[in-house]
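[1] need the 3D shape of this:
(one chain, ligands or ions: 2)
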Amino acid sequence: MVALSEDEIRTAPKALLHDHLDGGLRPATVLELADEIGHPLPAADAGSLARWFASAADSGSLERYLETFAHTVGVMQTPAALHRVARECALDLAADGVVYAEVRFAPEQHLEAGLTLDEVVEAVVAGFVDGAAEAAAQGYQIRVGTLLTAMRHAARSMEIAELAVRHRDAGVVGFDIAGAEAGYPPTRHLDAFEYLQRENFHFTIHAGEAFGLPSIWQALQWCGADRLGHGVRIVDDLDLSDPDNPKLGRLSAYVRDKRIPLELCPSSNVQTGAVASIAEHPIGVLRDLRFRVTVNTDNRLMSRTSMSREMALLSEAFGWGWADLQWFTINAMKSSFIPFDERLVLINEVIKPAYAKVLGS
Ligand SMILES: O=c1[nH]cnc2c1ncn2[C@@H]1O[C@H](CO)[C@@H](O)[C@H]1O
Ligand SMILES: [Zn+2]
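    Residues are numbered from 1 along each chain as shown. Ligands and ions are numbered 1, 2, ... in the order given. Next up, the predicted model:
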């Protein structure tokens, strides 16, 4: 089968659950914002800056990959800058054919110029709303939900969880923890997760990316995560020695039985060394075993990618076609943090009719 191209995939509706606001800036915007505040950058034009982000992030280590965020977070410190980045994010995702996106960022990293946590959230949510409205005027439909992230090495998760709940009726649909995984287990933030559960709120946890099964187990069985950010190391709990008879361990069986969504991010995993190549990415076996797999971008700037590109890479590596892409898209919608009836509208009125056309039925 001929692989689907990025251009073909761009025309189909897609849903994205794992995308970092501070990992998706346009290179030209980083340059302009840095210029305004005198933030020193490692490159002087948009082309070289784009290459710098990609190659610096290509380090094989999550810790070194994360160092590149100093140059995006550094220029996102005012309401105007936050609004601009969020607005452009909505526009860029919409132009890529993304109809539903949950975009995350860590408010605690945007306080350097004196903003309050609430002001940071308000600027970002307003940027998403304005970007989505502009996209609609250009003929692209997109809905963007905001996830608030707490940094796992820091100690503000309870405050950020309360911030998320405070803004739940104004665009914030979930909570997350991110940052270096090794040495910072999810249980460090147990009070925040228990609070969110009492509030009937939704959260995902970055787990099973740079560290393995214990992190996934804690995220689910101690913290009660609704989804796993990455979760790719769940393959360590599969016995694939007999290809005709794959065996699931207790944890991987639980993840599959409970339909726990895996927010897989193929290109990001190759850059941080979590997997060797797209072709060897466990998404192939996880999809075959019918885990609740979703495809995501993680950081479009650092990976020079988009939803269409991630799906094109997978189509090429695994021979996947429109039916597979529809399955990933519906999986993502089913796993989203917006209300059930709103998910159904997107699935039945936007996603299924568009795929029915390309599938020729
Ligand atoms: O793949 C990842 N794993 C863990 N942390 C990440 C990843 N990508 C980005 N961030 C972290 O999340 C923060 C908020 O968006 C970013 O500033 C970055 O430090
Ligand atoms: Zn991430």
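[2] list the buried ones in stretch 74-91?
    Buried residues in stretch 74-91, counted by 16 or more other Cβ atoms under 10 Å: 74-79, 81-91. Backbone N, C-alpha and C define where each C-beta goes, glycine included.
[3] what's in contact with stretch 354-361?
    The contact list for stretch 354-361 (Cβ atoms under 8 Å, 6 or more residues apart in numbering) reads 11-13, 322-323, 325-326, 329.
[4] please read the previous query as pertaining to stretch 37-46.
    Outside stretch 37-46, the residues that touch it by Cβ under 8 Å, 6+ apart are 26-28, 30-31, 33-34, 49, 51-52, 56, 71, 74-75, 77.
[5] can you flag which of those belong to helices?
    Using DSSP state H, the members of these that fall within helices are 27-28, 30-31, 33-34, 49, 51-52, 56, 71.
[6] nearest to ligand 1 among those?
    Among the ones in helices among the contacts of stretch 37-46, His71 lies closest to ligand 1 (Cβ to the nearest ligand atom), at 10.8 Å.
[7] from Ser48, how far out is the closest residue in space to the closest one that isn't next to it in sequence?
    The shortest distance from His71 to any non-neighbouring residue, by Cβ to Cβ, 6 or more residues apart in numbering, is to Leu41 (5.9 Å). For Leu41, the distance to Ser48 equals 10 Å [Cβ to Cβ, to the nearest Å].
[8] in terms of neighbours, single out the busier of the two.
    More neighbours surround Leu41 than the other of Leu41 and Ser48, with 17 against 13 (other Cβ atoms under 10 Å).
[9] tell me the SS of the more buried one?
    Assigned with DSSP: H, G, I helix; E, B strand; the rest coil, Leu41 falls in the coil class.
[10] next, give phi and psi for it.
    Dihedral pair for Leu41: phi -110, psi 160, per degrees, to the nearest 10.
[11] likewise Leu62?
    Taking degrees, to the nearest 10 as the convention, Leu62 sits at phi -60, psi -40.
[12] for the one 5 residues further on, same thing?
    Comment: the main-chain dihedrals of Glu67 come out as phi -60, psi -30, following degrees, to the nearest 10.
[13] how many residues are close by it?
    With other Cβ under 10 Å as criterion, Glu67 counts 12.
[14] quick one: average pLDDT of whichever strand or helix holds Val358?
    Element membership of Val358, judged by DSSP states H and E, is helix 352-359. For helix 352-359, mean pLDDT is 97.
[15] one more: stretch 6-25?
    Mean per-residue pLDDT for stretch 6-25: 98.
[16] do that stretch and ligand 1 meet at all?
    Yes - shown here: stretch 6-25 in contact with ligand 1 (Cβ under 6 Å from any ligand atom) through 20, 22-23.
[17] mind listing which of these are in strands?
    His20 (DSSP state E).
[18] buried subset of the residues of stretch 6-25 next to ligand 1?
    Judged by 16+ other Cβ under 10 Å, buried ones among these: 20, 22-23.
[19] these into a markdown table, with extra columns for distance to Lys357?
    Formatted as a markdown table, these follow (distance: Cβ to Cβ, whole Å):
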| residue | distance to Lys357 |
| --- | --- |
| His20 | 32 |
| Asp22 | 36 |
| Gly23 | 32 |
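[20] I'd like to know which of the residues you listed is nearest to Tyr184.
    Relative to Tyr184, the closest of those is His20; by Cβ to Cβ it sits at 17.2 Å.
[21] touching, the closest one and Leu301? I think so.
    No - His20 is beyond contact range of Leu301, at 9.0 Å (criterion: Cβ atoms under 8 Å).
[22] so for the helix-or-strand element of the chain with minimal mean pLDDT, what gets flagged as buried?
    Ranking every helix and strand in the chain by mean pLDDT, DSSP states H and E puts helix 62-67 at the bottom, with a mean of 92. Buried residues in helix 62-67, defined by neighbour count with 16+ other Cβ under 10 Å: 62, 65-66.
[23] so after the top helix by length along the chain, what's the next helix or strand?
    Counting residues, the longest helix in the chain under DSSP H turns out to be helix 117-137. Later in the chain than helix 117-137, the nearest helix or strand by DSSP H and E is strand 143-151.
[24] tell me which strands that next one pairs with, and in which orientation.
    strand 98-105 (parallel), strand 172-178 (parallel) (DSSP bridges).
[25] figure out which of those is closest to ligand 1.
    Ligand 1 lies closest to strand 172-178 among these, at 3.5 Å (Cβ to the nearest ligand atom).
[26] next SSE after that closest one?
    Immediately after strand 172-178, counting by DSSP H and E, sits helix 190-198.
[27] which parts of the stretch 151-300 of the chain sit against ligand 1?
    Checking the stretch 151-300 of the chain against ligand 1 by Cβ under 6 Å from any ligand atom, the hits are 178-179, 206, 209, 268, 298-299.
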